[in-house]
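[1] Need a 3D model of the following:
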Amino acid sequence: MTENEPASGPREVRLRDLRPGEGPVEFVARIVTCDRREVSRKSDGGRRALLSGLLSDGTATVRFTWWDPPREGVERGLVIRAVGPEVGEYRGRTEVTFGWKSRVGPASEVELPAVDPAEVPERKVRDLAPPGEGFRVYVRVVRVTERSVSVGQERRVVYDGLVADETGTIGLSAWTDFHLRVGETLEITGGYLRAFRGVTQLVLDERATVRRVDRPELPDPASVLNSPPVTMAQLEERGGGPSASVEGLVVGLLPPSGLVYRCPECRRGTQDGSCRVHGQVEGVADLRARIVLDDGTGAVTVNAGRAETERLWGVTLEHVLGRLKERPDPAVWEGELLETLLGRRYRVRGPASHDEFGVTIQPESIEAADIDLDATAERLAARVGGGRP
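    Have a look, this model is predicted:
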């Protein structure tokens with residue numbers, strides 16, 4: 001696709017063997033992610049096409065930058081053969097750049113190197129952190145769900161889950177259906193790690209290998225999901241986590257809560273009938289509750305969807321829509337929802353992310369929690385007396 005193949009004979013390598021600044025190399029890899037954009041040239045202010053993303057061959061995952069790529073035919077999942085790329089380093093990670101001295105073209109699936117799991121070092125979940133790559137883990141599936149996402153002009157199914165070993169848990173995002181089942185134990189190779197809102201995720205694509213194994217010593221799903229809650233201060237300090245459990249009182253709601261309208265294409269919230277991605281749309285009515293939960297050490301936001309909001313509120317979407325003529329102001333419904341929830345105590349479990357606004361939990365479960373009046377009184381007495389429980 002590009003011209004001027006380097007004169008010296010390139011050495012064919014796997015991605016894990018790339019070293020910054022080494023001589024001409026050649027490799028076959030799959031495009032895992034890619035983002036096309038244009039940048040301004042410093043010389044004349046003109047625009048130049050740029051493609052960047054991740055490559056994987058099962059032995060490692062590396063970032064790539066492709067200057068002046070073809071206008072079509074380069075997309076996620078494409079297998080390429082690259083000859084003579086520039087091998088550099090960015091923030092401690094190997095990175096390859098395709099420029100005018102490189103030759104890049106499509107390759108066959110069969111040209112991808114076979115990866116023997118025995119060649120890949122074993123790692124424990126507690127040791128997994130971006131930009132780790134080229135590892136093997138043994139884990140048990142704790143939960144798995146599927147969701148539909150937009151990738152360009154197509155809809156794809158992503159399988160989200162939680163896996164665990166004896167050292168901890170980690171969120172899973174699989175872009176290929178590996179037919180995962182809760183409770184089974186797996187050997188996973190060829191995955192890569194990314195940070196999403198500060199929380200590490202294990203990502204699996206077409207190049208990952210998932211093998212069922214017998215590992216009875218791995219923790220069972222019930223023991224992972226029934227672990228005791230942590231304080232919100234601890235959760236804040238950890239920066240969230242793939243499976244968090246907290247307990248606290250409802251002290252408020254964040255807008256928009258109650259009756260909301262979503263874009264029919266992407267499900268984002270609309271404002272005055274406008275979606276920030278699809279412009280003017282006919283919004284679809286929905287219920288949600290952005291609950292602020294406080295346990296005395298800190299606060300978190302719990303994003304409850306329609307089903308949980310209806311259950312906690314005792315009011316259905318159909319009921320709200322049936323009374324819109326007499327109560328058309330969404331703020332009225334938000335106020336009624338707050339009046340119902342305020343002061344109630346709940347135990348919430350689910351993945352927690354952390355950003356500049358604090359910790360947000362996408363709940364898998366929200367259950368009413370009994371208030372231990374004696375314990376609460378003791379804690380208050382200790383604080384009033386100047387001590388801590």
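[2] and Val83, how far is that from Val25?
    Distance of Val83 to Val25, given as C-beta to C-beta, to the nearest Å: 8 Å. Just so you know, the C-beta spots here come from the backbone N, C-alpha and C atoms, and that holds for glycine as well.
[3] Please enumerate the shared neighbours of these two.
    Jointly contacting Val83 and Val25 under the rule C-beta atoms under 8 Å, 6 or more residues apart in numbering are Pro10.
[4] so how many other residues sit close to Asp44?
    6 (other C-beta atoms under 10 Å).
[5] From Pro351, how far out is it?
    Using C-beta to C-beta, Asp44 is found at 47 Å from Pro351.
[6] which parts of the top strand by length along the chain are buried?
    In the chain, with assignment by DSSP state E, the single longest strand is strand 241-262. Residues 241-250, 253, 256-262 are the ones in strand 241-262 that count as buried (16 or more other C-beta atoms under 10 Å).
[7] Just list what that strand packs against, helices and strands only.
    Using 3 or more C-beta pairs under 8 Å, 6 or more residues apart in numbering; DSSP states H and E, the elements in contact with strand 241-262 are strand 168-174, strand 199-204, helix 232-238, strand 284-294, strand 299-304, helix 317-322, helix 330-341, strand 345-355.
[8] Please name the residues that touch Pro85.
    Counting by C-beta under 8 Å, 6+ apart, Pro85 has contacts Val25, Phe64, Val96, Thr97, Phe98, Gly99, Ser102, Val104.
[9] Let's see that with 6 Å instead.
    Val96, Phe98, Ser102 (C-beta atoms under 6 Å, 6 or more residues apart in numbering).
[10] same thing with Glu22?
    Val87.
[11] And the pLDDT for it?
    Looking at Glu22, its pLDDT stands at 80.
[12] circling back to that earlier point, so which of the contacts of Pro85 are in strands?
    Reading strands off the contacts of Pro85 with DSSP E, I get Val96, Phe98.
[13] Dump the contacts of Pro85 into JSON lines; add distance to Leu50, pLDDT and neighbour count as well.
    Output for the contacts of Pro85, formatted as JSON lines (distance: C-beta to C-beta, whole Å; pLDDT from 0 to 100; neighbours: other C-beta atoms under 10 Å):
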{"residue": "Val96", "distance to Leu50": "14", "pLDDT": "94", "neighbour count": "22"}
{"residue": "Phe98", "distance to Leu50": "10", "pLDDT": "93", "neighbour count": "23"}
{"residue": "Ser102", "distance to Leu50": "14", "pLDDT": "91", "neighbour count": "22"}
